[in-house]
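1. what's the 3D shape of this:
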Amino acid sequence: MNYKIVTDSTCELTDELINKLDIHVLPVIVTLGDKQFLDNVDITSKQVFEDMKKGEIYKTSQIPLNTYIDVFSQYAKENIPVINIVMSSGISSSYETSEIAVNMVKEEYKDAIIYTVDSKCCSIEMGIAVKYMAMAAQNGKSYEEILKVLEFCKNNIGVIFTVSDLKYLSRGGRLSKASAFIGNMLNIKPILSVTKDGRLEVIDKVRSKKKMLQYIIDKVRSEIPEDELKKAEMIISNADNEETAIALKQEIVNIVGMDEDKISMQDIGPCIGVHTGPDSLYVFYLKRHLPDEMYL
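-> Model prediction:
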């Protein structure tokens, strides 16, 4: 019995991986005033960042309950077991909504096999976990075995991201307006991560782009064991600041010693970029490679 993996667009997976691993991705809703867009379907991050620089205020809303019900019902009709993986409940209410949908669908389809999993992850961190969980599912792993893949990823993925303007975190309720104003006045650049229980946290603060990049390099170098450097994989994502991302990649290759081919580059999607703003930088890396037997 092979599970169908369902997730949402906050995982930032590429179209190539989505198609290759047959993952069902539900797009989050991005809003501008009374206009609604499907994340990465009706709107691009380039458009979002251009508008944000002009002062436009975008917001996001979770996937509607009826969407979950429709998707789960379709798989239940076809007797296809489902594992639905959502963004951390510490950041989003998607887990609660999808759980309600699961219970409603199971009232009609008594034998349906549908699990909703709180990833305790966000953005590409969740994407890395979903990728390996989908590979495990394709290879016939059990629900319990697939959950072990998620647990390994959560314990071994490093997450670092920075923002250029604190007002975007303030709008999303992650930082007070007063703190954002003072931080911007002092040119403070917070360095953030995701806790083990899936919440955002500030792990340090620096006052220049140079110090910010150096912090990331030092952090990566301290967390990836030397015997894992050539196997470790990393994704560097950017919000309309590709030059900075490219420079960081080269520094990590030269200073840390990672394999250049193991470092992927991509633009951050609209649904995440809305909350962090233009010129943000995101680094996600597996400190240890998953044992092959976990997912192959």
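2. okay, CA-based contacts and neighbour counts for the rest of this
-> OK.
3. okay, now residue 52: neighbour count?
-> Using other Cα atoms under 10 Å, the number of residues around residue 52 comes to 17.
4. now residue 205
-> So residue 205, with other Cα under 10 Å, has 17 neighbours.
5. how about residue 129, what does it touch?
-> By Cα atoms under 8 Å, 6 or more residues apart in numbering, residue 129 lies in contact with 149, 150, 153, 154.
6. Pick the one among these closest to residue 280.
-> Comparing those against residue 280 with Cα to Cα places residue 154 closest, at 22.6 Å.
7. Pull the contacting residues for that closest one.
-> 120, 121, 125, 129, 196.
8. Tell me which other helices or strands the helix or strand encompassing residue 272 touches.
-> Applying DSSP states H and E as the criterion places residue 272 in helix 270-276. Where contact means 3 or more Cα pairs under 8 Å, 6 or more residues apart in numbering; DSSP states H and E, helix 270-276 is packed against strand 29-32, helix 45-53, strand 58-61, helix 167-171.
9. The residue lying closest to residue 66 once chain neighbours are set aside: what secondary structure?
-> Closest residue to residue 66 apart from its sequence neighbours, by Cα to Cα, 6 or more residues apart in numbering: residue 101 at 7.7 Å. Of the three states, residue 101 takes helix under DSSP: H, G, I helix; E, B strand; the rest coil.
10. Could I get the contacting residues of residue 101?
-> So residue 101 contacts 65, 66, 68, 69, 72 (Cα under 8 Å, 6+ apart).
11. hmm, back to that, list the neighbours of the helix holding residue 272 that are in contact with it.
-> By Cα under 8 Å, 6+ apart, helix 270-276 touches 9-10, 28-30, 39-40, 43-45, 48-49, 58-60, 123, 163, 168-169, 171-172, 239, 280.
12. Show me how to select, in PyMOL, the buried members of those residues.
-> Here is the PyMOL command that selects the buried residues among those (16 or more other Cα atoms under 10 Å):
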select buried, resi 9+10+28+29+30+39+40+43+44+45+48+49+58+59+60+123+163+168+169+171+239+280
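13. Packing partners of the strand or helix carrying residue 7?
-> Taking DSSP H and E as the definition, one finds residue 7 inside strand 4-8. Contact here means 3+ Cα pairs under 8 Å, 6+ apart; on that basis strand 4-8 packs against strand 24-26, strand 82-86, helix 123-138.
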